[in-house]
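Engineer: Dropping a prediction and its sequence here:
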Amino acid sequence: MSEVHVAQKTYKMPPVEGITIAHFLTVTDVERSLQFYAKVFGGRILSKGDSDGAPGYLQIANTWLIVNVGGGPTPDKPTVTLSVPPDPNKVSSFMNVRVADIQACYAEWRKHGAEFITEPKPKYGETRCYIRDPDGYIIEVGQSNPDITYG
Amino acid sequence: MPPRDGFTVAHFLTVTDVDRSARFYERVFGGRILTRGNNIGAPAFIQLANTWLILYFGGGPTPDKPAVTLGVPDPDVVSSFMNIRVADIQACYELWRSRGAEFLTEPVDKPGETCCYIRDPDGHLIEVGQSKPGVAYG
């Protein structure tokens, strides 16, 4: 059983009670994307999916990535088409990787083959930079300034 | 969050109205609003199950992503989305509907899972899925 621990609670995939949140990416090549997230971020490949429609599953830090190829509407989403990002420069949502040491992550993940758009830059309350994944998804990498807390 | 070592993965959503979205994720899913953000660059943070949502307005390129514009989605052409895996999809469907979630359809039986979708206030797609008994990952 794949599980993570967040705030003294255990979340399993699939959950045996309550909910567990994952991040779905439409990809061109399931195997290529799984290898990318495993290699760069140390994600653990749980399932490679298959050509009958089963997606790839990868555990990464506190969550899971679910990756599959795109396609037209299905009975449960009759008007929605899934595709890789049609325009990589128009973005509405993305994976946001919050890190403890951005310079270390920048150096290590570059070494593992991640392509960063820029080096880390100071912004409001944080230092951040962005990676493009093999399908053009942006991935934010950000380190909050030392005095910032949430909740 | 923020992590003291290693990294923690969150999900960023571009929204029209940060407060409206924060209240939606709080009311429907029981998310905990950690900060409501402000209009000068600080996003809202919401803790939800094993992850965090980070909500903020869209906008043009910034020095760290010089070609990228953030905007709310085209609701019918989707590339990535939050995927909520649940233990009891009928219970979640009824509870979340009663709290104001708009589902595209009722839960639909598919190979390996039962699945339905919610639209959030900006049209972001949210999958709700229950794996069939016997399905395991890892």
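Structural biologist: Looks like it came in fine.
Engineer: For the nearest residue to B:Met82 once chain neighbours are set aside, give me its contacts.
Structural biologist: Nearest residue to B:Met82, sequence neighbours excluded (C-beta to C-beta, 6 or more residues apart in numbering or on different chains): B:Ile126, at 5.1 Å. Placement of C-beta: from N, CA and C, glycine included. Neighbouring residues of B:Ile126 by C-beta atoms under 8 Å, 6 or more residues apart in numbering or on different chains: B:Phe81, B:Met82, B:Asn83, B:Ile84, B:Tyr117, B:Ile118, B:Arg119, B:Asp120.
Engineer: Quick check: the farthest pair among those residues?
Structural biologist: Across those, the longest distance by C-beta to C-beta is 14.5 Å; it joins B:Asn83 and B:Arg119.
Engineer: Name the residue in these two with the higher neighbour count.
Structural biologist: Taking neighbours as other C-beta atoms under 10 Å in any protein chain shown, B:Asn83 and B:Arg119 compare with B:Asn83 leading, 24 against 17.
Engineer: Who are the contact partners of the residue nearest the centre of chain A?
Structural biologist: Among the residues of chain A, the one closest to the centroid is A:Met95, at 4.8 Å (C-alpha atoms, centre = their mean). Counting by C-beta under 8 Å, 6+ apart, A:Met95 makes contact with A:His23, A:Leu65, A:Tyr137, A:Ile139, A:Glu140, B:Val9, B:Ala10, B:His11, B:Phe12, B:Ser80.
Engineer: Let's verify the fifth one: helix, strand, or coil?
Structural biologist: Secondary structure assignment for A:Glu140 (DSSP: H, G, I helix; E, B strand; the rest coil): strand.
Engineer: okay but it is in contact with A:Asn96, surely?
Structural biologist: Yes: counting by C-beta atoms under 8 Å, A:Glu140 does reach A:Asn96; the two are 4.5 Å apart.
Engineer: quick one: common contacting residues for these two?
Structural biologist: Contacts common to A:Glu140 and A:Asn96, judged by C-beta under 8 Å, 6+ apart, are B:Phe12.
Engineer: In chain A, where is pLDDT below threshold?
Structural biologist: Chain A contains residues with pLDDT under 70 at A:151.
Engineer: what about the helices in the chain?
Structural biologist: Answering for chain A, as no chain was given. With DSSP state H as the criterion, chain A has helices at A:30-41, A:102-111.
Engineer: hmm, I had chain B in mind actually
Structural biologist: Assigned by DSSP H, the helices in chain B fall at B:18-29, B:89-98.
Engineer: Since that was my last question, I'll sign off now.
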